[in-house]
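In: mind folding the following:
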Amino acid sequence: MSQTTGNYQLAEQHGLAAVDANPDDVWATHAVTYVYEMQGRMTADVDLPACRAVVAYIEDHADAVAERLPIRRILARFGGSHAQRDALQRTLVASALRAGQLDLACALLNERIGVRENSVWSWRRRAQLSRTAGDSPDADRSDGRASSHASSFAAEA
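Out: Residues are numbered from 1 along each chain as shown. All right, here's what the predicted structure looks like:
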């Protein structure tokens, strides 16, 4: 593979194309991550902003949004499991809600629900957002969707 021969530019091109085609391709993610690590770009591009966003989540939600939003589409480069990357995405949504950035929170939640329609967490946040915005009917519908999905998961157990 190009990355092991030192042709990092070619390895990055092919790796990014593969990740773009299939974000769940762990080998493509590994290839891109390896290239960034070998070039020392991992820290500047992804690691530091992700770490700053975690600290900001505790201190200032607007700062957490500012740190996390630019890297949300490249979190696969950060490595870790899907669950770990999802936790970082969830903190972005939570920070947007807590910072009062309701339009952004709405867009992020609509995107999450579009990808995983049965996400109880996303529907619960959507209900929270709707209540904050004063839209009680949508909050009730969203709570209903969350409860419906939660009960279907419980029925499968």
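
In: quick check, pLDDT for Val120.
Out: Val120 is assigned 94 on the pLDDT scale.

In: list the contacts for it?
Out: Ala146, His149, Ala150, Phe153 (C-beta atoms under 8 Å, 6 or more residues apart in numbering). (Each C-beta comes from the backbone N, C-alpha and C, glycine too.)

In: against Ser142, how distant is it?
Out: Computed as C-beta to C-beta, to the nearest Å, the Val120 to Ser142 distance reads 11 Å.

In: next: Ala150.
Out: Using C-beta to C-beta, Ala150 is found at 12 Å from Ser142.

In: compare these two (neighbour count), which wins?
Out: For Ala150 versus Ser142, the count of surrounding residues by other C-beta atoms under 10 Å is larger for Ser142: 23 against 15.

In: sort out which residues of the strand or helix carrying the more buried one are buried, please.
Out: Applying DSSP states H and E as the criterion places Ser142 in helix 136-156. The neighbour-count check on helix 136-156 (16 or more other C-beta atoms under 10 Å) flags Ala139, Ser142, Asp143, Arg145, Ala146, His149 as buried.

In: same deal with stretch 94-109?
Out: Neighbour-count burial for stretch 94-109 [16+ other C-beta under 10 Å]: Ala94, Ser95, Ala96, Leu97, Arg98, Ala99, Gln101, Leu104, Ala105, Cys106, Leu108, Leu109.

In: phi first, then psi, for Glu117.
Out: Dihedral angles of Glu117 (phi, psi; degrees, to the nearest 10) stand at phi -60, psi -20.

In: likewise Arg116?
Out: Arg116 has phi and psi values of phi -140, psi 90 when expressed as degrees, to the nearest 10.

In: next up, the contacts around it.
Out: Residues in contact with Arg116, defined by C-beta under 8 Å, 6+ apart, are Ser122.

In: hmm, 6 Å instead?
Out: For Arg116, the contact set (C-beta atoms under 6 Å, 6 or more residues apart in numbering) is empty.

In: neighbours of the residue lying closest to Gln101 once chain neighbours are set aside, how many?
Out: Take Gln101 and drop its neighbours on the chain: the residue closest to it by C-beta to C-beta, 6 or more residues apart in numbering is Val65, 6.1 Å away. Counted with other C-beta under 10 Å, the neighbours of Val65 add up to 27.

In: check what pLDDT Val65 gets.
Out: pLDDT for Val65: 86.

In: same deal with Pro49?
Out: On pLDDT, Pro49 comes in at 73.

In: wait, it touches Ile71, no?
Out: Yes. Between Pro49 and Ile71 a contact is recorded at 4.9 Å, counting by C-beta atoms under 6 Å.
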